[in-house]
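>>> coords below, sequence missing:
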């Protein structure tokens, strides 16, 4: 089980510190329907991440992703491809960053958040998991790592649950601050939002480079051993 948890941890943390869902849930919590929309967004996020992780872990386990000597060869080639993809995402993220003195353009859906119903909030969460290439690749990569680990079925199940919980911290933590923070919660969450928006490119570029190097290193180590 320790192997499965260790393998998926970087991917789960990568999803958790993704600025876009964090900014989205903070914006929702500041609307008149903040509590309902925040709860719906968080529920939608958890369900979407859980669905992706469960499907990939089950499919990978069914396709003999792990053996007596470690991960199957096909999982190592997949991790190598994902690692290269992370580096390409990092290059694009850095190239597309706002230049000095310019703010990043605000997506249309962020401008419309004030009008969202709980159903739309949950739907947005699902879209940000399955239709956002970076988040989807992170979720798939972590789940493949669990499937290819040496853990038994129980250990993989525990690792999958932990991955979902860690990956959902980007929604759970702001919601918890909002529900428990009282009058000061708005100020705290607003500070988080501004900081994440300002440093989005640097955060994601660094994260994707680290993940890309790790995935490529793990894959090459397994393929040459």
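Sure, I can see it. Please read all numbers here as calculations on a predicted model, not as lab measurements.

>>> where in the protein is pLDDT low?
Applying pLDDT under 70 to the chain flags the ranges 1, 62-71, 98-108.

>>> that one: helices as residue ranges?
2-16, 19-29, 34-62, 73-95, 108-111, 118-130, 133-147, 153-167, 169-180, 185-198, 200-224 (DSSP state H).

>>> angle of the last one against helix 19-29?
Helix 200-224 runs at 140 degrees relative to helix 19-29, counting by axes from the mean of the first three to the mean of the last three CA atoms, to 10 degrees.

>>> and helix 200-224, what other elements does it pack with?
With contacts defined as 3 or more CB pairs under 8 Å, 6 or more residues apart in numbering; DSSP states H and E, helix 200-224 has these neighbours: helix 2-16, helix 19-29, helix 73-95, helix 133-147. Every residue, glycine included, has its C-beta placed from N, CA and C.

>>> looking at these, which is closest to residue 60?
Closest to residue 60 of these, according to CB to CB: helix 133-147, at 2.7 Å.

>>> give the buried residues for the closest one.
134-147 (16 or more other CB atoms under 10 Å).

>>> looking at those, spot the one nearest residue 192.
residue 135 (18.7 Å).

>>> how near is that closest one to residue 52?
Distance from residue 135 to residue 52, counting by CB to CB, to the nearest Å: 9 Å.

>>> which neighbours do those two share?
Shared contacts of residue 135 and residue 52, defined by CB atoms under 8 Å, 6 or more residues apart in numbering, are found at residue 129.

>>> got the helices and strands packed on helix 200-224 as a markdown table, with distance to residue 201 columns?
Putting the helices and strands packed on helix 200-224 into a markdown table (distance: least, CB to CB, whole Å) gives the following:
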| stretch | distance to residue 201 |
| --- | --- |
| helix 2-16 | 15 |
| helix 19-29 | 9 |
| helix 73-95 | 6 |
| helix 133-147 | 12 |
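
>>> nearest to residue 183, out of these?
helix 19-29 (13.6 Å).

>>> residues contacting the closest one, please?
Under CB under 8 Å, 6+ apart, the answer for helix 19-29 is 34-35, 37-38, 41-42, 45, 110, 113, 116, 121, 124-125, 128, 132, 135, 170-171, 174-175, 178, 185, 189-190, 192-193, 196-197, 199-200, 203-204.

>>> since that was my last question, I'll sign off now.
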